[in-house]
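Engineer: just the structure for this:
(2 chains)
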Amino acid sequence: MASVAFTINGQAVTLAAEPNASLLWAVREQIGLTGTKFGCGSGLCGACTLHVNGEAVRSCQTSLQSVAGKRVTTIEGLSANGDHPLQKAWIAEQTPQCGYCQSGQIMKAAELLAKTPKPTREQIVQHMDGNLCRCGAYPRIASAIERASKEG
Amino acid sequence: MTASDVTRSGLSRRAVLAGSAGLSFAFALGFDPGAGALAAGPGGRINAYVRIATDGTITIINPAAEMGQGVNTAIPLIIAEELDADWSKVKVETAPVDPVYNHPVLRTQMVVASISVRGYWMPCRMAGAQARRVLMEAAAGRWGVPLAEVSTEPSAVLHKASNRRMTYGEIAAFAQVPEKMPELKPEELKPVAQFRLLGKDVTRVDVAAKSTGRETYAIDVRVPGMLYGTLARRPVRDSGPVSFNRDEIRQMPGIVEVVALDHGVGVIGETVEAVFAARQKLKIQWKDAPGFKMNSETARAEYLAKVRDPAAKGVVGRNTGDAMGAIASAARVHTSEFTTDYVYHAQMEPHACVASVTPDGLELWAGTQWPTRTVEDAAKAAGVPAAKVKFHHLTMGGGYGRNAFVEYAVDATLLSKAVGKPVKMIQSREDDMANGRFRPMTAQRIVVALDGQGKVSGWRHRIAADTIVPYLYGQERMDAQKGVDHIVVYGADMPHYEVPNHVAEHIYEERGVRTAAWRGIGAGHNNFAIEVVLDELARMAGEDPVAYRLAILKDPRAKAVVQKASQMADFSRKRDGRALGVAFSKLGAPPIGFALIATVAEVSVDRASGKIGVHNLWMAADVGLPLQPSNIVAQLEGAAVYSLGAALKERVTIKNGLVEQSNFHDYEIMRMSEIPAMHTELIRSGDIPLPVGELSMGATLPAIANAVFALTGKTLRHAPFTPERVKQALA
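Structural biologist: I've put the predicted structure just below:
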């Protein structure tokens, strides 16, 4: 079995990787960082969104082997104390309901703000449109992103 | 604690009855007489809901399950308000399964029908007030002053005359729990005007954890030695596996066991990937069952034929006066028909549960809307008494009615039992959908009798639909309520309208389809029909939809929400290329009270594609006493988004018993780009919090249909209003 070395939230890890191993299940079940969620397994909902080298990816569609030598960041590593501007805005806007999709939403939004610190509402909607929220918390997801972009 | 212990509590049941506006809550508050000092152990227990530790930490036990609706904050907040607790010192724990935490109306631990806050309202106020009284009595005793001279401020008792103050934590260090809890009268509860937590938008207790990935759902649980499992469940009722390729699956890499169950085939392995891969390779021959004959597209026409057929007998679900007589003697009769498709819950957390069956019993980690049933059913599956179940009750990644069915806990238990190891059972999204439980498909026919003056004199609403109650609660319950499936017929009654003679009938369609309550229950389909017919009647009367409703609504609160929503939307103002539609809806039941809503939708229609755009939704909601206003707005808007899906796109179709959709590419739910601007205002009426979580489900869909008529002159009668159907209607 091949092994794969990469960093996760700044820490080096080496995992044994079956050929069919996905990054999602490696992060959740092997490493134990369960903030990244399983929603559809087909890249259709965005609940499993995390960052690979700063890019938001669907971890259910990312093979473990493909992240060799790369930097993986999950919701747990987005900030040291849960105080990323988006996380503060998420709390201020009281965004989550069931909360299950929210890690993916925040990781997707963090990619947007990294590239476009002051997005328009249209840019927010366009960027976030692939991340589903069954509770329908979209208005507060959008307003939290706007708040984070203002308050930094 | 046992049920007999809790009945020793001194709380007068009559007091609860008197204080709850006629509700018959069979409820007694509990305390543990053996607990001794309040601070005994990790925190002394004053009653079933409150523990106070010597460091001042107040632990409040929330009896209801959190699934996004905010109950983990709202109910503890009620207790904290009456306890006069410093909210920053409050920790919330989810209750174990124990009859003391039963919902006062449902008489089991269950979260359905948006009545958690409403149901626990008075018992939790009493629990908080009793706990406060115990603390006051202890402090007064220690100071040697009369009880009447002490008061409280957040988490402290005061004796103002001598300028003395003792914190709740200090009191907990010496106070004894009395043998008999103090008896309080409802009028001794805190006046609503003095509330400092309720009505003030205290931050939800779960939001920080849900914004940082720290919230734990059942799917997140990991225990030592755990294996992974998944399940191919029979697609229809009364089927089961006849044979399957066990040997081939057993040899796949990482597979530990393949288990035949009565209702499906389980696969257990070392990784999630291994069991999902094996699941995909499973080839199962299913035992034939009636459900395999089900084809929803042809069945819908058959449902419709039933509601038209005078010989098709329905069960009378709601009845006032003599609707048939009114129709027979009507000056004019108006008839209108509607159909709605099956819809799927699509909770974002696919079913997952961790179970560990050992010789000593069962340890179970699950999120569930029905904890009592979860423990009972899982205990049965494990073959152990319920007392041997150690249950970890976790928050749910969405519920919406789906997680009142607890079969996933049974499945996880059976898989663990088969291998003698802990198993995390996860359903793939495809299986979660294939084995979904859907809101019934309906065909509906409304016949309205009008008298010589054009006034409504009678109303007959026939609903052909699958049933739910026998599968959720059992046939006994269905029989006990005389065959009335209250989930399906919900919302068909019209108590707020001037409709003197009314009947709603349910014609059963038993075709083997797995059904469930779905957010909004019957109102989601029945109120669609009712409110579209009201617009038709308005046009027949030559009146505008708002004016007509204000004339025919007899309830002042109902008139007020319609007026308010119409003002918010500036209803009479014409829009270029867009139009407005209005609908009224309700949530509740007579003993509990009704929350009311009026929704105005602003739509456009792209005639070439048939696509409806919903641009604005204005909602005016009378929710009684709003406890958490910001969260109520979130619930109303979230449920509006949920119902927009049922209005515009969501539909499950069934062919030869099999669900044709498999994931979010062919069962699309609403996206951010499709969400209208939502404008929501709350109306306070009275001092009792009314049901909220599903309130906006009934009004969204008919408001859209009525708006489309206002724009195009065509009525949409078949939900969802897919582009294809809109084009057909416009053709």
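
Engineer: need the residues of the stretch 1-150 of chain B near chain A, please.
Structural biologist: By C-beta under 8 Å from any C-beta of the partner chain, the residues of the stretch 1-150 of chain B that approach chain A are B:67-70. The way it works is simple: take the backbone N, C-alpha and C, and place the C-beta from them, glycine included.

Engineer: hmm, I was thinking of the stretch 251-400 of chain B
Structural biologist: When proximity is defined as C-beta under 8 Å from any C-beta, the stretch 251-400 of chain B approaches chain A at B:253-254, B:271-274, B:276-277, B:346-350, B:395-400.

Engineer: hmm, back to that, among the residues of the stretch 1-150 of chain B next to chain A, which ones are buried?
Structural biologist: By neighbour count, with 16 or more other C-beta atoms under 10 Å in any protein chain shown, the residues of the stretch 1-150 of chain B next to chain A hold B:67-70 as buried.

Engineer: return the residues in contact with the residue in the stretch 51-200 of chain B that chain A sits nearest to.
Structural biologist: In the stretch 51-200 of chain B, the residue that lies nearest chain A is residue B:68 (3.1 Å; C-beta to the nearest C-beta). Counting by C-beta atoms under 8 Å, 6 or more residues apart in numbering or on different chains, residue B:68 makes contact with A:96-99, A:135, B:396, B:398-399, B:638.

Engineer: kindly report the same for residue B:129.
Structural biologist: Contacts of residue B:129 by C-beta under 8 Å, 6+ apart are B:82-83, B:184, B:188-190.

Engineer: highest neighbour count among these?
Structural biologist: residue B:83 (33 neighbours; other C-beta atoms under 10 Å in any protein chain shown).

Engineer: which ones are touching it?
Structural biologist: By C-beta under 8 Å, 6+ apart, the residues touching residue B:83 are B:50, B:58, B:128-129, B:131-132.

Engineer: go on, residue A:17?
Structural biologist: Residues in contact with residue A:17, defined by C-beta under 8 Å, 6+ apart, are A:1-4, A:26, A:64-65.

Engineer: most surrounded residue in the residues you listed?
Structural biologist: residue A:26 leads these on contacts (other C-beta under 10 Å) with 29 neighbours.

Engineer: you'd agree that one is up against residue A:64?
Structural biologist: Yes: the criterion here is C-beta atoms under 8 Å, and residue A:26 meets it with residue A:64 at 4.7 Å.

Engineer: okay, and the common contacts of these two?
Structural biologist: Both residue A:26 and residue A:64 are in contact with A:15, A:17, where contact means C-beta under 8 Å, 6+ apart.

Engineer: mind checking how far the residue nearest to residue B:578 when sequence neighbours are not counted is from chain A?
Structural biologist: In space, residue B:578 comes closest to residue B:604 once its chain neighbours are excluded; the distance is 4.8 Å by C-beta to C-beta, 6 or more residues apart in numbering or on different chains. As for residue B:604, its distance to chain A is 18 Å (criterion: C-beta to the nearest C-beta, to the nearest Å).

Engineer: what about residue B:604, neighbour count?
Structural biologist: The burial count for residue B:604: 18, using other C-beta under 10 Å.

Engineer: and the helix or strand harbouring it, what does it pack against?
Structural biologist: Per DSSP states H and E: residue B:604 is located in strand B:593-606. Secondary-structure packing of strand B:593-606 (3 or more C-beta pairs under 8 Å, 6 or more residues apart in numbering or on different chains; DSSP states H and E): helix B:556-569, strand B:579-589, strand B:611-622, helix B:697-712.

Engineer: returning to that earlier point: can I get the contacts of residue B:129 in CSV with pLDDT and secondary structure?
Structural biologist: Shown next, in CSV, are the contacts of residue B:129 (pLDDT from 0 to 100; DSSP: H, G, I helix; E, B strand; the rest coil):
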residue, pLDDT, secondary structure
B:82, 97, helix
B:83, 97, helix
B:184, 93, coil
B:188, 95, helix
B:189, 97, coil
B:190, 97, coil
